[in-house]
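> Using only what follows, build the 3D model:
(one chain, ligands or ions: 1)
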Amino acid sequence: MQWEKGKRLGKGGFGEVFVAQLMNSNIPTMAVKSAAEDKAATLFAEHKILTRFRNAPGIIQCFYDQPIGDYTEGTVSYNLFMEYARGGSLTNLIGGGIPESEVRVYTRMILRALYLIHSAGYVHCDIKPDNILAFPRETGTGVCWELKIADFGLAVESSKLIQGSADYRGTTRYKSPEMVASGKLTPAVDVWALGCTVLEMLTGRRPWSELKKKEEVKWRIAKGGMPEIPQWVSEEGKDFLRRCFAKDINSRCYVPGFLELPFVAADRHGGGFSGAAVVGGGRVLGLRREIERRWQEEKKQSKRSPAAADFPMLPHQLLGQGIKPVLRCR
Ligand SMILES: Nc1ncnc2c1ncn2[C@@H]1O[C@H](COP(=O)(O)OP(=O)(O)OP(=O)(O)O)[C@@H](O)[C@H]1O
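Numbers count the residues shown, from 1 in each chain. Now for the predicted structure:
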């Protein structure tokens with residue numbers, strides 16, 4: 001398959017993520033996460049885990065992996081080809097905060113995916129808005145955002161959890177007290193981080209935003225602190241967040257229990273288990289217009305002029321290249 005790297009989408013501790021586009025076309029088709037061979041171990045592990053989640057709703061889909069380069073010259077990179085999230089990460093969507101009615105739907109989507117991850121015997125260990133990707137879906141009646149959990153580079157099998165292994169996992173501001181204080185890793189750390197993510201969606205601010213230094217944040221968390229929940233959050237929202245921030249690990253680790261809470265109950269807020277969020281709101285529609293503008297630009301810049309049917313074009317293109325896509329298309 002002939003592809004080339006386009007613009008860089010992000011850079012993390014384990015590699016860089018680029019747009020991957022077919023030769024002679026600058027229309028993004030996939031995202032490729034690349035790491036030099038000596039740093040590829042995390043990507044190998046991520047690939048192995050993502051293979052287990054083929055077609056799982058709410059989890060980023062990885063099509064295949066490929067080493068590229070010349071072994072004799074030592075220029076080999078290891079690459080994971082994944083579906084491309086046109087909306088970027090949830091951080092882009094958050095802006096100055098998201099209306100609570102929409103946050104409820106997004107939270108339900110993330111919880112549902114988290115349930116699949118925990119049921120398969122994994123702890124993600126780095127839940128945060130940067131690691132949740134947004135996929136715009138056209139519905140005819142509104143903008144539809146589907147969220148998917150990504151970046152499994154730090155995920156661990158629950159059966160292999162070792163005391164102290166939390167030291168080098170996670171992102172400080174999203175870490176739970178037991179993670180900071182004793183390095184204890186259980187599925188409950190993902191629920192705490194989800195609480196931080198929900199708070200961030202509501203307020204538009206990172207957890208512990210009043211504290212500048214990492215050490216201060218760690219100290220506050222280790223002392224048993226809980227991020228502040230604003231008064232204006234609904235009672236259902238407050239209840240949900242307090243449960244996410246419970247000190248007792250046992251009461252925090254069972255995701256199906258959270259799915260029953262009124263804050264996210266499907267029948268009351270739409271956006272059921274398999275549904276995407278249908279959202280309104282000027283800011284979100286503004287983002288939608290921005291995405292549409294980018295699509296138009298991509299089309300204009302392309303050497304050929306793709307038809308409207310090119311979107312979404314990923315499955316057709318891959319099949320045309322003899323590769324069976326594993327993308328679950330809605
Ligand atoms: N499939 C994708 N589609 C669009 N953007 C993506 C995709 N995957 C990653 N990105 C962008 O690249 C950023 C970094 O990706 P990712 O978190 O997977 O890398 P990482 O090296 O594991 O990062 P970190 O070390 O910070 O956890 C994401 O926050 C997101 O903005």
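
> Ile229 against Lys238, yeah?
Yes. If you go by Cβ atoms under 8 Å, Ile229 and Lys238 touch, sitting 5.5 Å apart. All C-beta spots, glycine's among them, are computed from the backbone N, C-alpha and C.

> can you pull the buried residues of the strand or helix carrying Met109?
For Met109, the element it lies in under DSSP states H and E is helix 100-119. Neighbour counts over helix 100-119 (16 or more other Cβ atoms under 10 Å) mark 100, 102-118 as buried.

> From the rest of the structure, what touches whichever helix or strand comes after that helix?
Where DSSP H and E defines the elements, the next helix or strand beyond helix 100-119 is strand 122-123. Strand 122-123 has contacts (Cβ atoms under 8 Å, 6 or more residues apart in numbering) with 49, 117, 152, 155-158, 161, 185-187, 189-190.

> how about those in a markdown table, adding secondary structure and distance to the ligand?
Formatted as a markdown table, the contacts of strand 122-123 follow (DSSP: H, G, I helix; E, B strand; the rest coil; distance: Cβ to the nearest ligand atom, whole Å):
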| residue | secondary structure | distance to the ligand |
| --- | --- | --- |
| Ile49 | helix | 12 |
| Ile117 | helix | 15 |
| Phe152 | coil | 8 |
| Ala155 | coil | 11 |
| Val156 | strand | 14 |
| Glu157 | strand | 18 |
| Ser158 | helix | 20 |
| Leu161 | coil | 19 |
| Leu185 | coil | 16 |
| Thr186 | coil | 20 |
| Pro187 | coil | 19 |
| Val189 | helix | 15 |
| Asp190 | helix | 14 |
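
> By pLDDT, give me the weakest of these.
Across the contacts of strand 122-123, no position has a lower pLDDT than Leu161, which has 67.

> what's near enough to touch Leu116?
Neighbouring residues of Leu116 by Cβ under 8 Å, 6+ apart: Phe53, Ala56, Pro57, Gly58, Ile59.

> What is the neighbour count of the third one?
What it means is Pro57. Per other Cβ atoms under 10 Å, the neighbour tally for Pro57 reads 17.

> Torsion angles phi and psi at it?
Backbone dihedrals for Pro57, given as degrees, to the nearest 10, come out at phi -70, psi 140.

> isn't it right up against Ala113?
Yes. With contacts counted by Cβ under 8 Å, Pro57 reaches Ala113, the gap being 7.1 Å.

> Tell me which residues touch Ile249, please.
Glu178, Lys184, Thr186, Ala188.

> State the distance from the first one to the ligand.
By that I understand Glu178. Per Cβ to the nearest ligand atom, to the nearest Å, Glu178 is found 21 Å from the ligand.

> so who does the closest residue to the ligand within the stretch 151-300 of the chain touch?
Nearest to the ligand in the stretch 151-300 of the chain, going by Cβ to the nearest ligand atom, is Asp151, at a distance of 3.7 Å. Shown in contact with Asp151 (Cβ under 8 Å, 6+ apart): Gly12, Glu46, Asp126, Asp130, Asn131.

> All the helices of the stretch 151-300 of the chain, in order from the start?
177-182, 188-203, 214-222, 235-244, 249-252, 255-259, 266-269, 282-301 (DSSP state H, counting those that start in this stretch).

> Quick one: the helices in the stretch 1-150 of the chain, in order.
So, for the stretch 1-150 of the chain - with DSSP H, counting those that start in this stretch - the helices run 41-52, 90-94, 100-119.

> Tabulate those helices (a markdown table), appending distance to Glu260.
Listed next are the helices of the stretch 1-150 of the chain as a markdown table, based on distance: least, Cβ to Cβ, whole Å:
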| stretch | distance to Glu260 |
| --- | --- |
| helix 41-52 | 26 |
| helix 90-94 | 23 |
| helix 100-119 | 10 |
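
> give me the number of residues near Gly204?
13.

> typo on my end, Trp192
Neighbours of Trp192 (other Cβ under 10 Å): 27.
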